[in-house]
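Visitor: sharing a model that was predicted from the sequence below.
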Amino acid sequence: MNIEALIASTVDGLMLGFVFGLMAMGLTLIFGVMKVINLGHGPVIAIGMFAVLVMSQSLGINPYLTLPVIIVLGILTGVVMYFVALHRVINSPELTTLLATFSVNMMITGLMTVIFSTSPRGLDVTLGSLQFGRVTILGTRVAAVVIAVVVTVALYFFLYRTRQGKSIRAVANNRGAAELMGINSSWVLGLSFGIGTMLAMISGMLLATMFSFTVLTGNALETKSFVIVVLGGLGNPTGALFGGIIIGLLESITTIFIPVSWVPVLEFVVFIMILLVRPNGIFGARSS
């Protein structure tokens, strides 16, 4: 076994894992606040990818400088999605909300296919590299980790230090009691969905600087997000971050020993094992 290849894969997987964790945070935040499984998560990731593509290639904006636009676009898109697709059915059985978000998935994917087709796209982003012996760390990976960490810290500051964030946590804990205290739960749920959507779009933006993508890439990443969320514990953003790091390491390290095509199979084996051994996830609370 090549030790240098193992070290390089470990570092690469760790860095990629932060972006995966950010991607899954949006999914688990929405579930934690409103108990909705968002099947529109994947296309939203793709929107982030194509938004940075359009702004970079058509408007000549540096991909990393599009972050403020992505943040605003993500929140607005999520709020609109919530009030159009979920607001009227938020208290309905889980299957109803599942079908509502699945409809959003189909509509966004179809619209993006019409506009962009299914041809692979990519961004030409170069930030140099760092050399440690024979281990090379790409600048795009470093930038992605820095942005992911800053966004994560900002999310926790918002949730725990601002009035709006405390309202979100109150609604997540007990919506009825929060409403009795004067909190407008409808707008809080809409904002929560917007923040979850924003996190997905930011992760899409970061992944677009590292890999080629199509309009269908988001759906594959949505599946990966579910694996990460279950691994970290449903409704646990911190668990999602660590789950993303675990999956990132798993993807990078296992490619040394097995063909890349087998990696998704291994991920789902881990997924099933977690469901069997610890259904609440590694970082979730144990069932009583």
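Guide: All right, it came through fine. Residues are numbered from 1 along each chain as shown.
Visitor: check which helix or strand covers residue 270.
Guide: Counting by DSSP states H and E, the element that carries residue 270 is helix 263-277.
Visitor: buried sites along that helix?
Guide: By neighbour count on 16 or more other Cβ atoms under 10 Å, the buried set for helix 263-277 is 267, 270-271, 274. C-beta here means a position set from N, CA and C on the backbone, and glycine is covered the same way.
Visitor: mind putting the residues you listed into TSV with distance to residue 43 and pLDDT?
Guide: Converted to TSV, the buried residues of helix 263-277 look like this (distance: Cβ to Cβ, whole Å; pLDDT from 0 to 100):
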residue	distance to residue 43	pLDDT
267	21	80
270	25	80
271	22	80
274	26	81
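Visitor: show me where the protein has its strands.
Guide: For the chain, the strands identified by DSSP state E occupy 129-132, 135-138, in order along the chain.
Visitor: return the most buried member of these.
Guide: Among the strands of the chain, judged by mean count of other Cβ atoms under 10 Å, the one packed with the most neighbours on average is strand 135-138 (a mean of 16).
Visitor: what does that one rub up against?
Guide: The list of residues contacting strand 135-138 from outside it, by Cβ atoms under 8 Å, 6 or more residues apart in numbering, reads 4, 7-8, 11-12, 15, 127, 129-131, 210.
Visitor: and the helices in the stretch 51-200 of the chain?
Guide: For the stretch 51-200 of the chain, the helices identified by DSSP state H, counting those that start in this stretch occupy 67-81, 94-116, 139-161, 163-173, 175-180, 185-208, in order along the chain.
Visitor: mean confidence score for the third one?
Guide: This means helix 139-161. Mean pLDDT, taken over the full extent of helix 139-161, equals 93.
Visitor: one more: the last one?
Guide: Helix 185-208 comes out with an average pLDDT of 95.
Visitor: what do you get for the shortest one?
Guide: Helix 175-180 shows an average pLDDT of 90 in the prediction.
Visitor: so what does it touch, helix or strand wise?
Guide: Helices and strands touching helix 175-180, by 3 or more Cβ pairs under 8 Å, 6 or more residues apart in numbering; DSSP states H and E, are helix 163-173, helix 185-208.
Visitor: would CSV of these with mean neighbour count and distance to residue 227 be doable?
Guide: Formatted as CSV, the entries for the helices and strands packed on helix 175-180 read as follows, by neighbours: other Cβ atoms under 10 Å; distance: least, Cβ to Cβ, whole Å:
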stretch, mean neighbour count, distance to residue 227
helix 163-173, 17, 23
helix 185-208, 26, 15
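Visitor: quick check: longest helix of the chain.
Guide: For the chain, the helix reaching the highest residue count under DSSP state H is reported as helix 3-34.
Visitor: list the buried residues for that helix?
Guide: Neighbour-count burial for helix 3-34 [16+ other Cβ under 10 Å]: 8-34.
Visitor: residues contacting the least confident helix or strand in the chain by mean pLDDT, please?
Guide: Each helix and strand of the chain was given a mean pLDDT (mean pLDDT, DSSP states H and E); the minimum falls on strand 129-132 at a mean of 78. Taking contacts as Cβ under 8 Å, 6+ apart, the residues outside strand 129-132 that touch it are 136-139, 142.
Visitor: confidence score at residue 220?
Guide: As summarised for this prediction, residue 220 has a pLDDT of 88.
Visitor: list the residues that contact it.
Guide: With contact set as Cβ under 8 Å, 6+ apart, residue 220 has these partners: residue 42.
Visitor: I'd like to know how far it sits from residue 55.
Guide: In this view, residue 220 and residue 55 are 23 Å apart by Cβ to Cβ, to the nearest Å.
Visitor: then residue 187?
Guide: When Cβ to Cβ is the yardstick, residue 187 and residue 55 sit 29 Å from each other.
Visitor: next, format the helices and strands packed on helix 175-180 as a markdown table and append distance to residue 239.
Guide: Output for these, formatted as a markdown table (distance: least, Cβ to Cβ, whole Å):
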| stretch | distance to residue 239 |
| --- | --- |
| helix 163-173 | 15 |
| helix 185-208 | 15 |
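Visitor: re the thing from before, closest one to residue 282 among the strands of the chain?
Guide: When the strands of the chain are compared for distance to residue 282 using Cβ to Cβ, the nearest one is strand 135-138, at 27.4 Å.
Visitor: no further queries at this time; thank you.
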